[in-house]
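give me a model of this one.
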Amino acid sequence: MTAGKGADVEMSVVHVLVVDDSPCWQEFTRMHLEKDPNLYIVATASNGSWAVRTAEALQPDLILLDVSLPGMDGIEAARQIRVAAPRAAILFVSGECDPEIVQAALRAGGDGYIDKLEAGRELRAGIEAVLLGKRFLSRGLAGLDSQS
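Below is the predicted model of the structure:
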């Protein structure tokens with residue numbers, strides 16, 4: 001697995017920042033990612049402002065980002081993360097699946113978007129795709145890619 005957005009260098013560990021205000025979702029993500037020894041959660045954040053600061057400080061390879069966050073939402077956080085940590089791949093994982101929200105997230109710098117209801121099946125594929133520099137959308141959202 002390569003680390004970083006479209007990286008050409010093979011790395012043993014992908015550093016992941018998980019951004020979600022739900023402790024239950026953070027735990028689900030941790031349990032899902034710890035099955036892969038190449039994925040390591042370096043930090044979690046529960047709001048957009050903290051996500052931007054953490055991304056800037058830690059420069060993770062991958063950020064799993066929710067849209068609905070207190071204070072600064074995930075879309076604005078993605079815009080700021082693109083400046084603060086430009087090499088990070090951003091994969092939105094959210095229950096917000098309105099086409100306008102998905103398109104706004106992708107325009108803000110998201111490399112992919114997964115419906116939380118599909119995360120158990122699609123998270124691994126989404127992570128692999130965005131780390132390779134490819135766009136990834138949940139099956140139910142795939143038609144939105146051409147509209148962004």
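
going by C-alpha atoms from here, please, whenever you check contacts or count neighbours.
Will do.

where do the strands sit along this structure?
14-19, 39-45, 62-65, 89-94, 112-115, 136-137 (DSSP state E).

how far does the third one sit from the chain's center?
Per C-alpha atoms, centre = their mean, to the nearest Å, the displacement of strand 62-65 from the mean C-alpha position of its chain is 3 Å.

for the longest one, same thing?
Relative to its parent chain, strand 39-45 has a centroid offset of 11 Å by C-alpha atoms, centre = their mean.

so where is the chain shaky, pLDDT-wise?
Where the chain drops to pLDDT under 70, the residues are 1-11, 142-148.

which parts of it are helices?
Ranges of helices within the chain are 23-33, 48-58, 74-84, 99-107, 119-131, based on DSSP state H.

the fourth one - contacts with which helices or strands?
The one in question is helix 99-107. If you count contacts as 3 or more C-alpha pairs under 8 Å, 6 or more residues apart in numbering; DSSP states H and E, helix 99-107 packs onto helix 74-84, strand 112-115.

so that helix versus strand 89-94, what angle?
160 degrees (axes from the mean of the first three to the mean of the last three C-alpha atoms, to 10 degrees).
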